[in-house]
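Novice: Pasting the sequence and the predicted model now:
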Amino acid sequence: MLKLLFLSLSLFSFNAYVLADDVQDPFEEINQVTFAVNEALDNAIAKPIAIVYGDITPSFIQNRVTRFFKNLAEIDTFINQALQGKPKLAFQDFGRFTINSTIGLFGLFDVATGMGLEAHEEDFGQTLGVWGVPSGPYIMLPVIGPSNARDLMSRPISSFLSGTFAMTDTDVRLALTALDALETRERYLDFEAMIQGDRYTFVKDAYIQSRDYEISDGESDEDDFLEDLDDFLIDD
């Protein structure tokens, strides 16, 4: 949810955001209720904890945590690059993971980018989209947030491929998953104030726009701006 918010706000800055009026939302009444519950839980629990985390954790430590989880996500990325028929990018992303996991001290430092290996983000939901699987109806999941039938079907695969869910120690896995969620929530505190209009509609449209952008590997005038903003969020 937070990633799509970042993408949508970035696109707004370039007047590239288009409302997804044709989004299939047959469960809108249930989705609205779920969204309201998610918002209440976020305001009561996740947001206050994220604010405290941001206030007491030095930025250097926050950046290292961000890098660590981005490195774990490279596993999911390079496998899905291969599944999408992009062997060159798959090899590059595998190289990123290998370099940052060794020289970069388990991903705490992004050495690979300095060596010219650009970062990408792919998941199994994007792979299904590339394969032509339709998105299906829009679904608001409890706690997790916006999704659709295709992404919901892909979640078990992407969860397994992500570094935290592949771990066998349950306590460690849960702790890392919680830290990942907390770190992500904190990074987007400054952006949520920029949400315009009805929050439910904004999130729904943002989700559809961001997923379409990711699946199509969108190349546009916004690309450099998105990269600059992403660099700003995890700047050393």
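Specialist: Good, I have the coordinates.

Novice: Tell me how many other residues surround Glu214.
Specialist: 19 (other C-beta atoms under 10 Å). For every residue, glycine as well, the C-beta is placed using N, CA and C.

Novice: Return the distance of it relative to Asn80.
Specialist: 11 Å (C-beta to C-beta, to the nearest Å).

Novice: what touches both of the two?
Specialist: Common neighbours of Glu214 and Asn80, using C-beta atoms under 8 Å, 6 or more residues apart in numbering, are 122, 126.

Novice: all helices for the chain, in order.
Specialist: Using DSSP state H, the helices assigned to the chain run over residues 2-12, 28-41, 47-56, 59-83, 87-102, 111-114, 124-130, 149-161, 170-187, 199-215, 223-233.

Novice: Pull the residues that contact stretch 77-88.
Specialist: Taking C-beta under 8 Å, 6+ apart as the rule, stretch 77-88 contacts 89-94, 96-97, 120-124, 126-127, 130, 161.

Novice: And it, what's buried?
Specialist: Neighbour counts over stretch 77-88 (16 or more other C-beta atoms under 10 Å) mark 77-84, 86 as buried.

Novice: same check, this time on stretch 28-37
Specialist: 28, 31, 34-35.

Novice: Check stretch 136-144 too.
Specialist: Per 16+ other C-beta under 10 Å, stretch 136-144 contains these buried residues: 137-141.

Novice: From those, pick the one nearest Met115.
Specialist: Leu141 (37.9 Å; C-beta to C-beta).

Novice: separation between the residue nearest to that closest one when sequence neighbours are not counted and Gln196?
Specialist: In space, and not counting its chain neighbours, Leu141 is closest to Ser147: 5.2 Å by C-beta to C-beta, 6 or more residues apart in numbering. Computed as C-beta to C-beta, the Ser147 to Gln196 distance reads 22 Å.

Novice: Those two: which is more packed in?
Specialist: Ser147 (22 against 11).

Novice: what's the distance between that one and Gly125?
Specialist: 8 Å.

Novice: Show me whatever sits in contact with both of those two.
Specialist: Joint contacts of Ser147 and Gly125 (C-beta under 8 Å, 6+ apart) are Arg155.

Novice: who's Ile139 bridged to?
Specialist: As for beta bridges, Ile139 partners with Ser147 under DSSP bridges.

Novice: and it, what pLDDT?
Specialist: Note for Ile139: predicted pLDDT of 92.

Novice: Now do the contacts for it.
Specialist: 27, 31, 146-149, 152.

Novice: export the buried residues of stretch 77-88 to a markdown table and tack on pLDDT and distance to Phe69?
Specialist: Formatted as a markdown table, the buried residues of stretch 77-88 follow (pLDDT from 0 to 100; distance: C-beta to C-beta, whole Å):
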| residue | pLDDT | distance to Phe69 |
| --- | --- | --- |
| Thr77 | 92 | 13 |
| Phe78 | 91 | 16 |
| Ile79 | 92 | 17 |
| Asn80 | 93 | 17 |
| Gln81 | 93 | 19 |
| Ala82 | 94 | 22 |
| Leu83 | 93 | 22 |
| Gln84 | 93 | 22 |
| Lys86 | 92 | 23 |
